[in-house]
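Undergrad: One predicted model, sequence on top.
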Amino acid sequence: MRGEHALWFLAVALAFAALEAWLRRRSGRGYDRSAALGTLGVAGGQILFNGLAGIGIGAVYMALWSITPLRQPLDSVWSWGVLFLLFEFLYYWQHRMSHEVRWLWASHSVHHSAEELTLPAAFRLGWTGSISGLWLFFLPLPALGWHPAAVAAVLAFNLRFQFFLHSELPPRLGPLEWIFNTPSAHRVHHASNATYLDRNYGGVLIVFDRLFGTYARERPEEPCRYGLTEPVGSNNPIRIAFHEWGRLVRDMSKAGGPVSAVRVAMGYPGERPQR
């Protein structure tokens, strides 16, 4: 049943991506087919590498859930509601740290490498999240008694919701902008403009960005520029996947010793934007 749902979502995603491509060309925005093909290559590698890593990560989650005395009911709306809010909170911090720690950014930067924000860019995800340890942020959920399958279901909902945010076409959505992550808010997140950097980390909700001071509104007078501040300069999926790792390893090797190398890996990726 889970595989059937995934196939239905893929079909819907492809239909919306085709409609977006047609609308972009019709409106004169253009559509970078080479970048889209590069994204498909990255997505294929992500499915392969993260699928294999997911077996081990799932085993860790199951082991942790099996030893905790806590059990959260899966037949309760309240339990699912609390799980959703806790997941959103942890996702916010995982996402934020992925921008503020180079070791995590080496994996996450892949998602920001697209220089044209279109729906397929949602699938441009890193191959090395298991190495970076991004999955560690969600360990509190099985430790608190939620079955790993429930955690995986909330993650799937989060990612599928975010697919529809990766577009320049939808306008601002009025009062919904106060509560939910929207295409407008996510355009800011993907922008490389100095004033937009490190903003809008939410998944489904935007409330934690407002609470912790990382929310920024899209401004008509400052159009978003997409891509990395130091572009990859290639649509080769392998180069896209490992571009930032190469920069990180090079800087660590020049750090002058193991302790300094760790400081580089745990440091901020680049120069912090002025607020």
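TA: The structure has been received and is ready for your questions.

Undergrad: burial of Trp135, as a residue count?
TA: 19 (other CB atoms under 10 Å). All C-beta atoms are positioned from the backbone trio N, CA, C, and that covers glycine.

Undergrad: ignore the last one, Leu14
TA: Neighbour count of Leu14, defined by other CB under 10 Å: 12.

Undergrad: Just the element for it, please.
TA: Leu14 belongs to helix 2-27 when assigned by DSSP states H and E.

Undergrad: Buried ones in that helix, by neighbour count?
TA: For helix 2-27, the neighbour count (16 or more other CB atoms under 10 Å) marks Ala13, Ala17, Glu20, Ala21, Arg24 as buried.

Undergrad: Enumerate every residue touching the fourth one.
TA: Residues in contact with Ala21, defined by CB atoms under 8 Å, 6 or more residues apart in numbering, are Tyr31, Ala36, Thr118.

Undergrad: same thing but at 10 Å, please
TA: Arg29, Gly30, Tyr31, Arg33, Ala36, Thr118, Leu119, Pro120 (CB atoms under 10 Å, 6 or more residues apart in numbering).

Undergrad: Walking through this protein, point out its helices one by one.
TA: 2-27, 33-67, 77-100, 102-108, 129-132, 140-143, 148-163, 183-190, 207-212, 237-253, 258-266 (DSSP state H).

Undergrad: Using CSV, lay out the ones you listed together with mean pLDDT.
TA: Formatted as CSV, the helices of the chain follow (pLDDT from 0 to 100):
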stretch, mean pLDDT
helix 2-27, 87
helix 33-67, 93
helix 77-100, 98
helix 102-108, 97
helix 129-132, 93
helix 140-143, 98
helix 148-163, 96
helix 183-190, 98
helix 207-212, 98
helix 237-253, 95
helix 258-266, 95
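
Undergrad: just so I know, which of those helices lies nearest Glu222?
TA: Closest to Glu222 of the helices of the chain, according to CB to CB: helix 183-190, at 9.7 Å.

Undergrad: other SSEs contacting that closest one?
TA: Packing contacts for helix 183-190, counted by 3 or more CB pairs under 10 Å, 6 or more residues apart in numbering; DSSP states H and E, involve helix 207-212.

Undergrad: Now do the helix it packs on: everything it contacts.
TA: Against helix 207-212 from outside (CB under 10 Å, 6+ apart): 85, 88-89, 91-93, 95-96, 178-181, 185, 188-189, 199-202, 214-216.

Undergrad: quick one: buried residues of that helix?
TA: Within helix 207-212, the residues that count as buried by 16+ other CB under 10 Å are Val207, Phe208, Asp209.

Undergrad: Over to stretch 70-85?
TA: Using 16+ other CB under 10 Å as the test for burial, stretch 70-85 gives Gln72, Trp80, Leu83, Phe84.

Undergrad: Let's have the helices of the chain in TSV, adding distance to Leu173.
TA: As requested, those are exported to TSV (distance: least, CB to CB, whole Å):
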stretch	distance to Leu173
helix 2-27	17
helix 33-67	25
helix 77-100	18
helix 102-108	26
helix 129-132	30
helix 140-143	29
helix 148-163	14
helix 183-190	7
helix 207-212	15
helix 237-253	31
helix 258-266	37
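
Undergrad: so what pLDDT did Glu218 get?
TA: Glu218 carries a pLDDT score of 97 in this model.

Undergrad: Quickly note the distance from Arg225 to Thr182.
TA: 19 Å (CB to CB, to the nearest Å).
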